[in-house]
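J.: I need the structure of the sequence given here:
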Amino acid sequence: MSEKIKPYKDSELSKKEQVTQMFDNISGTYDGLNRVISFGIDIRWRKKVVAIVNKNNPKKILDIATGTGDLAIALANTKPEKIIGLDISPGMLSIGEKKVAEENLSKTIDMMLGDSEDLPFTDNEFDAITVSYGVRNFENLEKGLSEIYRVLKPGGVFVVLETSVPTKTPFKQGYHFYTKNIMPIIGKLFSKDKTAYAYLSESANVFPYGENFNNILKKIGFIDVEDKPQTMGVSTIYVAMK
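T.: Numbering: from 1, shown residues only. This is a model prediction of the structure:
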């Protein structure tokens, strides 16, 4: 399970504390590196998430592990009354707040420091909840998903965009070579945190993607669960309802 993987293997900090430290360290280069590492395709994947959320005509959206706010900003196109972008990294949120202001979306999007496993919201509060490349960083995956289920309204939609591993040859072999050998090198070239992108690739490889993640969602109580592999399966969009 992903919660066994820690960014800094010799640290006595919890995974949650290490993830916070790691993302604070790479916040300044995170957006640029994402574009390079994904060849810019992550923008297209986020647009698909927005289209799925838009079908529900949400008035209030929660974007968990919002990071620098890319998905929260894109979700503004659904014309909700309010979007809350929540993250445990002050560094990432600081970048995100600047981007939100530049897009003149400060009245629509609130960037909030918070823990996905202890959400500061009431039951049944949100019409839609999203997580983009964040669930594999949860310290306790099922606890985080249970909290998401709690604050989602009945009939609300939960959409996850997360890395996955291609299953077909030669894409599977190419993916493993790229994430193990190339991605950490790119990260080291552009980031002061030398272990961050090695951790991100390692955590992606052990995340319970596909049907395994579907089953966890169903165990929590979500219904109408489906997965939509993207670009030969290097990422997957999961859609679930309450």
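J.: where along the protein do the helices fall?
T.: 15-26, 30-37, 41-54, 70-75, 90-102, 141-151, 171-177, 183-190, 196-206, 211-220 (DSSP state H).
J.: by contact count, what packs against the fourth one?
T.: For helix 70-75, the elements it packs on are helix 41-54, strand 60-64, strand 82-87, helix 90-102, strand 109-113, strand 126-132, judged by 3 or more CB pairs under 8 Å, 6 or more residues apart in numbering; DSSP states H and E. C-beta: built from backbone N, CA, C; applies to glycine.
J.: Apply 6 Å and report the result again.
T.: Contact partners of helix 70-75 among helices and strands, from 3 or more CB pairs under 6 Å, 6 or more residues apart in numbering; DSSP states H and E: helix 41-54, strand 60-64, strand 82-87.
J.: any idea how far the longest one is from the chain center?
T.: If I follow you right, that is helix 41-54. 13 Å (CA atoms, centre = their mean, to the nearest Å).
J.: what about it, average pLDDT?
T.: The average pLDDT within helix 41-54 is 95.
J.: Run the angle between that helix and strand 126-132 for me.
T.: Using axes from the mean of the first three to the mean of the last three CA atoms, to 10 degrees, the inter-axis angle of helix 41-54 relative to strand 126-132 is 170 degrees.
J.: just to revisit the earlier point, what's the closest of the helices of the chain to Asp127?
T.: Closest of the helices of the chain to Asp127 is helix 41-54, at 8.8 Å (criterion: CB to CB).
J.: and Leu93, what does it touch?
T.: Contacts here follow CB atoms under 6 Å, 6 or more residues apart in numbering; on that basis Leu93 touches Asp87, Met111.
J.: JSON lines please, covering the helices of the chain and showing distance to Ser235.
T.: Shown next, in JSON lines, are those (distance: least, CB to CB, whole Å):
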{"stretch": "helix 15-26", "distance to Ser235": "19"}
{"stretch": "helix 30-37", "distance to Ser235": "12"}
{"stretch": "helix 41-54", "distance to Ser235": "6"}
{"stretch": "helix 70-75", "distance to Ser235": "13"}
{"stretch": "helix 90-102", "distance to Ser235": "20"}
{"stretch": "helix 141-151", "distance to Ser235": "18"}
{"stretch": "helix 171-177", "distance to Ser235": "11"}
{"stretch": "helix 183-190", "distance to Ser235": "14"}
{"stretch": "helix 196-206", "distance to Ser235": "9"}
{"stretch": "helix 211-220", "distance to Ser235": "12"}
